[in-house]
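> Have a look at this prediction, sequence included:
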Amino acid sequence: MRIRLSEHFTYKKLIRFVLPTVFMMIVTSVYGIVDGFFVSNCVGKNAFAAVNLIMPVLMALGAFGFMIGTGGSALVAKTLGEGDAKKANKYFSMLIYVTVIFSLIVTVIGFIFMPNIAKALGANDLIINDCVLYGRILITAVSFFMLQNSFQSFLVTAGKSNFGLVISVIAGLSNMVLDFVLIYLLDLGVVGAAAASAFSQVVGAVIPLIYFARKNNSLLHLVKTKIQLKPIGAACVNGSSEMLTNLSTSLVSMIYNFQLMKIVAENGVSAYGVIMYVSLIFMSFFFGYSIGINPVVGYNFGAKNTNELKNVLKKSLVLTSVVSLAMTALAVSLSGAIAKIFVGYDAELCDLTSNALKIYSLSFLVCGFNIFSSAFFTGLNNGKISALISFLRTLVFQIAAVLVLPVFIGINGIWLAITVAEILTLIVTIVCLAANKRKYNY
């Protein structure tokens, strides 16, 4: 039975509603990790370092899709809550068309300047060719990557989160199979890894594009519309926190890699790459939950149902607390085994990675509250506070920590930086929630 945005959410209904989106994010994270596994074990640690050095740039380019998806879905959900389905579909269609136009421009610029980008990130002679090759192949699919990111949110708003999960599974399986064939069987190295990822992004974008372009039984479908700057601006402001999260995460990853190249060279970048893969998996719950809950908050805000806003906020904080504790315990206990899976062929690198993961995992205790709260304000169509939380969490505090802490405690300062940043952000988050309680009556 389909759960509607207008329903009262018990814990059971809330979990059932967000679960497809959570699984969708986990599946998306898993098939990204498969690239790293095959490259590291079949091609070598230098190629693995190259992929991880250029990957943040590619993720940053896809951030526009997340912004349009999350900010646009909040706007569309609010419009649906106000009872204007026709306008909601026009907004949805316009945002998809804008994403396509913008992505084509990014593709051309990114392809041309990829060698310059790799050099700026600190790529040395050992890895620069692989960086450029991997980056240029994936940049050709960035339009599909942006659309895939946008559709993840819009499918939830359309009431088709289960369909979104199916699409993610299909895209993920295609990537995994192609990784095995192109890297392991055909020995195509980073070319095979990039081609496999690009194909999966095409799959993840084209299936929902066809679905929304044809007659369907969801709340949304693509229609003829005109470009309107005001709703585009509103969607961008609403989703700016999610874009900032992805852009900042990518920028911070570049700074991490730059610092690590100076201290422990390629081994540091490889260790950080493993941490990022693990972090993607563990934080997929929080990101998936946030995407899933966003239209619920937006709908009830538009419908002025303050009692349900209070209910959703309370239950979300409880669920976040439970999952945060479980994730941290699991990550610490499995750190050694995870390191062996990716870099077990190099004892020194394996020890470095295991120790780094244990320290980094402490951040899982805190990050979920900040991620949810940012999404909660996005759903309330308050992009400014949402962006502030994301901006401080993923950029300001983390950059300061990763630059300052290593001066005093060495390389462990790099691994601890994320936890310090999350704690400082949590203080700001609590202040924002308390300060706006009367305004939104949650």
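Great, that's in hand.
> which parts of the helix or strand hosting residue 162 are buried?
Under the criterion of DSSP states H and E, residue 162 resides in helix 161-179. Residues of helix 161-179 classed as buried by neighbour count (16 or more other Cβ atoms under 10 Å): 161, 163-165, 167-169, 171-172, 174-176, 178-179. Using the backbone N, CA and C atoms, a C-beta is placed for each residue, glycine as well.
> and which of those residues is nearest to residue 223?
residue 163 (19.4 Å; Cβ to Cβ).
> Now residue 405: closest residue in space that isn't a chain neighbour?
Nearest residue to residue 405, sequence neighbours excluded (Cβ to Cβ, 6 or more residues apart in numbering): residue 413, at 3.0 Å.
> Can you mark which positions in the helix or strand containing that neighbour are buried?
Residue 413 belongs to helix 411-435 when assigned by DSSP H and E. Across helix 411-435, burial judged by 16+ other Cβ under 10 Å covers 411, 413-426, 428-429, 432-433.
> Check which element follows it along the chain.
Counting by DSSP H and E, the next helix or strand C-terminal to helix 411-435 is helix 437-440.
> for the chain, what helix or strand is lowest in average pLDDT?
Ranked by mean pLDDT, DSSP states H and E, the helix or strand of the chain with the weakest confidence is helix 240-263, at a mean of 75.
> which is the next helix or strand following whichever helix or strand residue 195 is part of?
Secondary structure assignment for residue 195, by DSSP H and E: helix 189-213. Using DSSP H and E, the helix or strand that follows helix 189-213 towards the C-terminus is helix 229-238.
> For that next one, name the packing helices and strands.
helix 63-81, helix 85-120, helix 383-391 (3 or more Cβ pairs under 8 Å, 6 or more residues apart in numbering; DSSP states H and E).
> Kindly recompute the last result at 7 Å.
Applying 3 or more Cβ pairs under 7 Å, 6 or more residues apart in numbering; DSSP states H and E, one finds that helix 229-238 makes contact with helix 63-81, helix 85-120.
> orientation of it relative to helix 240-263 in degrees?
Counting by axes from the mean of the first three to the mean of the last three Cα atoms, to 10 degrees, helix 229-238 lies at 50 degrees to helix 240-263.
> Next, the buried residues of helix 229-238.
Here helix 229-238 shows 231-232, 234-238 as buried, counting by 16+ other Cβ under 10 Å.
> Relative to residue 269, which of these is nearest.
Nearest to residue 269 among those: residue 236, at 32.7 Å, using Cβ to Cβ.
> That closest one contacts residue 71, correct?
Yes. Assessed by Cβ atoms under 7 Å, residue 236 is found in contact with residue 71 at 6.0 Å.
> Would you reformat the buried residues of helix 229-238 as CSV and include pLDDT and distance to residue 301?
Below are the buried residues of helix 229-238 laid out as CSV (pLDDT from 0 to 100; distance: Cβ to Cβ, whole Å):
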residue, pLDDT, distance to residue 301
231, 88, 16
232, 88, 20
234, 83, 14
235, 84, 15
236, 83, 18
237, 79, 15
238, 74, 11
